[in-house]
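Visitor: Build the 3D model from these lines:
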Amino acid sequence: MSGSRFQPGQSGNPGGRPRKPRRPNVSAFEIILDKTLVITQNGKSREASVEEALQQQTLKDALAGKRMAIRKVLKMIEKREAELAKKNAAPRHRIELKHHHHSDNANEALRILGIAEPEPEFPTRWKVHAWATQAALSRPGRKKFDRREVDSIKFFTFDPDTLKWPRGKIA
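Guide: Alright, predicted model coming up:
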């Protein structure tokens, strides 16, 4: 027998150094959230997780009007609603949408918004209020108006004499 236990080229530890067992990727925060503590609610003591206690405190702060707590509660509600919707998702049915466009709808919207209304002498002809025309005239980047466009704008505007025309925009 030779002076060594191992033959030349043979390792003394063929399996290598044993690996250390890996710790799971758990943060300190997650460890704390899993702990339980005793809370008093409505005069009664009970055990609750730290996470539940934090949620209860956040809700209490939100009800007291603290903005950050309100945001947090709204996010919790949104997250819960999304999970419930995903869990209880109804089978999707294809819905066909039909758009109905009618000039009476646009005219009514303009009237409600105070932008335009029928001319008293000619109820079928609508005119735009001077403030709305002025807002359109004041927009930057407009091209120059020719005389025909100026006359048309004045014709379809209530009180056209009150309009202030942008300098250099009338050809």
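Visitor: how much space between Arg17 and Pro8?
Guide: Arg17 sits at a distance of 22 Å from Pro8 (criterion: CB to CB, to the nearest Å). For glycine as for every other residue, the C-beta is placed from the backbone atoms N, C-alpha and C.
Visitor: By residue count, what's the longest helix in this protein?
Guide: Ranked by residue count and defined by DSSP state H, the top helix of the chain is helix 67-87.
Visitor: what's that one packed up against?
Guide: Contact here means 3 or more CB pairs under 8 Å, 6 or more residues apart in numbering; DSSP states H and E; on that basis helix 67-87 packs against helix 50-63.
Visitor: Could you give me the buried positions within the helix it packs on?
Guide: Val50, Ala53, Thr58, Asp61, Ala62 (16 or more other CB atoms under 10 Å).
Visitor: so which of these comes closest to Glu119?
Guide: Ranked by distance to Glu119 (CB to CB), the buried residues of helix 50-63 are led by Ala62 at 53.7 Å.
Visitor: these two touch, right, that closest one and Ile70?
Guide: Yes: between Ala62 and Ile70 there is a contact under CB atoms under 8 Å: 4.6 Å.
Visitor: Which strands and helices lie in contact with the helix or strand where Glu108 lies?
Guide: Following DSSP states H and E, one finds Glu108 within helix 103-112. Counting contacts by 3+ CB pairs under 8 Å, 6+ apart, helix 103-112 is packed against strand 116-118, strand 126-128.
Visitor: Buried deepest among those, which one?
Guide: Mean neighbours per residue, mean count of other CB atoms under 10 Å, is largest over these for strand 126-128, with a mean of 18.
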